[in-house]
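*Asks:* Have a look at this fold, sequence not included:
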């Protein structure tokens, strides 16, 4: 699998979906006229779609070498699809989030933890050899 291309494609498609979900909120669901809870659920799911797009685009210039990195990359690749589904399902559930949303958020958290562990600087206290100009 070409990880860079997969992340770029998923990130780009998700970035394209982001304004479409915004248009859906404004013109179809008429979110500004909704009660507080569904309006906030729509908006939060909308912003999480943007987060998933950016996360995938950020990973498009990297190649996961270790198994842990590939697991994290897979979780991040899957998250936009789950979040787009949650965008349409969750506002009707009130404060009860769908399993799609839970899986997406736990997956992104797990990916973050895995990447933090595997990509940690080997010496946290040593000064960097690079200088900032």
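*Replies:* Thanks, I have the structure now. These numbers come from a predicted model, not from an experiment.
*Asks:* Report the mean per-residue pLDDT for stretch 114-128.
*Replies:* Stretch 114-128 carries an average pLDDT of 80.
*Asks:* Could you do stretch 32-48 as well?
*Replies:* On average, stretch 32-48 scores 96.
*Asks:* and the residue nearest the centre of the chain, what helix or strand is that in?
*Replies:* Central residue of the chain (Cα atoms, centre = their mean): residue 52, 2.1 Å from the mean position. Element membership of residue 52 [criterion: DSSP states H and E] is helix 36-59.
*Asks:* buried sites along that helix?
*Replies:* Residues of helix 36-59 classed as buried by neighbour count (16 or more other Cβ atoms under 10 Å): 38-39, 41-42, 45-46, 48-53, 55-57, 59. Any C-beta I mention is one placed from the backbone N, CA and C, and that applies to glycine too.
*Asks:* what inclination does the next helix or strand after it have with respect to helix 36-59?
*Replies:* Note on helix 36-59: by DSSP H and E, the next helix or strand toward the C-terminus is helix 67-89. Orientation of helix 67-89 against helix 36-59 (axes from the mean of the first three to the mean of the last three Cα atoms, to 10 degrees) gives an angle of 150 degrees.
*Asks:* switch to numbering from 38
*Replies:* Sounds good: first residue 38 from here, last item helix 104-126.
*Asks:* elements contacting helix 104-126?
*Replies:* helix 40-60, helix 73-96, helix 136-155 (3 or more Cβ pairs under 8 Å, 6 or more residues apart in numbering; DSSP states H and E).
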